[in-house]
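Visitor: Mind looking at a prediction? Sequence and model below.
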Amino acid sequence: MINLEEKKVLVTGGTGFLGHAVRKALKSEKAIPVAVGSEHNLLDLYSFMEYLMEVRPDYCIHCAGYNGGIEFNRAYPADILYTNTIMGLNVHHACEYAGVKKLLSIMTSCAYPDTGMEVLYEKDFWNGRPNKTIRAHGVAKRILQAASEAYLDQYNFNSVSVCVTNLYGPYDTFNLFRTKVVGALVRKFVEAQQEDDQEVECWGTGNPKREFMYVDDAAVAIVQALQKYEEKEQPLNIGTGQDITIKELVEYISDAVKYNGEVVWNTDKPDGQMKKLLSVDKMKTIIQINPMSVKEGIQKTVDWYIENKEEADARK
């Protein structure tokens, strides 16, 4: 197990939603987190290499990403594929060049194949294509695992990847075009309550099942993976092992907001993949966390959003 005390850990996307929580988790391990935000262009390999040579981090957690909800994925698949792929490869190349001792890259569950499997196991990671609605993002994230293997084979570089389920919580993006399902629904219901709207439109049928994890829990697990996970041939799933329907999620959010209007389901909008539940069997043998319930996490997220709405809405 890696002792992170007084070790410098670079966090790409460190000023963002997940990066903010990862830096907090690193501080609890007495590490020195170094946030890489938008001031450093991860698409510029040589500039990023020079930056790493100046900072000289011991370790790196690659959280940076370019993605959004279903509509964002449909509108910008080429940009999503290009940006995430180039960032991921540049981070691997620069970290190896700068002598980083270990790199941990964050993938998402959309990288898994859409084959109708009830539960997604690490051993099945390459057995099919991602769902069409998020394929560009999923393929770009898969490249992180491919890079982990390639840089080990050629450079003996210590790099691993984890596959994180759907995250939510404070500091998320609540821009309706860029945010994902929890952020979008929280904003819709809070604004409907504040403006006394009599109905809220939700997309799809509400029947798909999704796994949701509070961002602080995921960050703790990610830091533990940096310390403990060493298997290069497969990613490590990070999740809760439990899923709920989108209808149940809507009920939790409506209750947290205390909204009494009507929910209208727009079935002309796509559902996306019907079920994405990560197996956490392997995770439980390596990582020790006690995930917060979705109901409690939603209440915390709603309370934070209401208190910080102007700032939250302005995030891109």
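Guide: On my side now, so go ahead.
Visitor: give the contact list for residue 215.
Guide: Residue 215 sits next to 17, 18, 21, 167, 168, 169, 170, 171, 172 when contact means CB atoms under 8 Å, 6 or more residues apart in numbering. Where C-beta positions appear, they are placed from N, C-alpha and C, glycine not excepted.
Visitor: before we move on, what about residue 130?
Guide: Neighbouring residues of residue 130 by CB under 8 Å, 6+ apart: 110, 111, 112, 113, 114, 137, 138, 139, 142.
Visitor: Looking at neighbours, which among these is most surrounded?
Guide: Among the contacts of residue 130, residue 112 has the most neighbours (other CB atoms under 10 Å), with 29 neighbours.
Visitor: mind checking the SS state of residue 33?
Guide: Three-state call for residue 33 (DSSP: H, G, I helix; E, B strand; the rest coil): strand.
Visitor: ok, back up a step: which of the contacts of residue 215 sits closest to residue 241?
Guide: Nearest to residue 241 out of the contacts of residue 215 is residue 167 (CB to CB; 15.1 Å).
Visitor: which residues touch the helix or strand bottoming out on mean pLDDT in the chain?
Guide: Using mean pLDDT, DSSP states H and E, strand 275-276 stands out as the lowest-scoring helix or strand of the chain, at a mean of 81. Residues from elsewhere that reach strand 275-276, judged by CB under 8 Å, 6+ apart: 109, 110, 112, 118, 120, 165, 166, 208, 209, 210, 211, 243.
Visitor: Considering those, which possesses the most neighbours?
Guide: residue 112 (29 neighbours).
Visitor: my read: that one touches residue 163, true?
Guide: Yes: using CB atoms under 8 Å, residue 112 is in contact with residue 163, at 7.2 Å.
Visitor: Mind listing the shared neighbours of these two?
Guide: Both residue 112 and residue 163 are in contact with 125, 278, where contact means CB under 8 Å, 6+ apart.
Visitor: For the stretch 201-316 of the chain, just list every one of the strands.
Guide: 209-210, 212-214, 236-238, 244-245, 262-266, 275-276 (DSSP state E, counting those that start in this stretch).
Visitor: any residues touching the second one, and which ones?
Guide: Judged by CB under 8 Å, 6+ apart, the contacts made with strand 212-214 from elsewhere in the structure are 164-169, 182, 238-240, 243-244, 249, 291-292, 294, 297, 300.
Visitor: Just the buried ones from the residues you listed?
Guide: 164-169, 182, 238-240, 243, 249, 291-292, 294, 297, 300 (16 or more other CB atoms under 10 Å).
Visitor: What about those, which are in helices?
Guide: 182, 249, 294, 297, 300 (DSSP state H).
Visitor: Enumerate every residue touching the third one.
Guide: Listed by CB under 8 Å, 6+ apart, the contact set of residue 294 reads 212, 244, 249, 252.
Visitor: Excluding covalently adjacent residues, which one is nearest to the last one?
Guide: What that stands for is residue 252. Leaving aside its sequence neighbours, residue 252 sits nearest to residue 298 (CB to CB, 6 or more residues apart in numbering; 4.5 Å).
Visitor: count of neighbours near the one you found?
Guide: By other CB under 10 Å, neighbour count at residue 298 equals 26.
Visitor: Now do it against residue 200, distance only.
Guide: Between residue 298 and residue 200 the distance is 15 Å, computed by CB to CB, to the nearest Å.
Visitor: what's residue 41 in contact with, if anything?
Guide: Shown in contact with residue 41 (CB under 8 Å, 6+ apart): 47, 48.
Visitor: no no, residue 88
Guide: Residue 88 touches 62, 105, 140, 141, 143, 144, 147, counting by CB under 8 Å, 6+ apart.
Visitor: Going along the chain, name the helices of the stretch 1-150 of the chain.
Guide: Under the criterion DSSP state H, counting those that start in this stretch, the stretch 1-150 of the chain contains helices at 17-28, 45-55, 70-75, 77-98, 135-155.
Visitor: ok, residue 1 touching residue 227?
Guide: Yes: with contact defined as CB under 8 Å, residue 1 counts as touching residue 227 (5.1 Å).
Visitor: Comparing those two, which residue is more hemmed in?
Guide: Higher neighbour count among residue 1 and residue 227: residue 227, with 18 against 6, using other CB under 10 Å.
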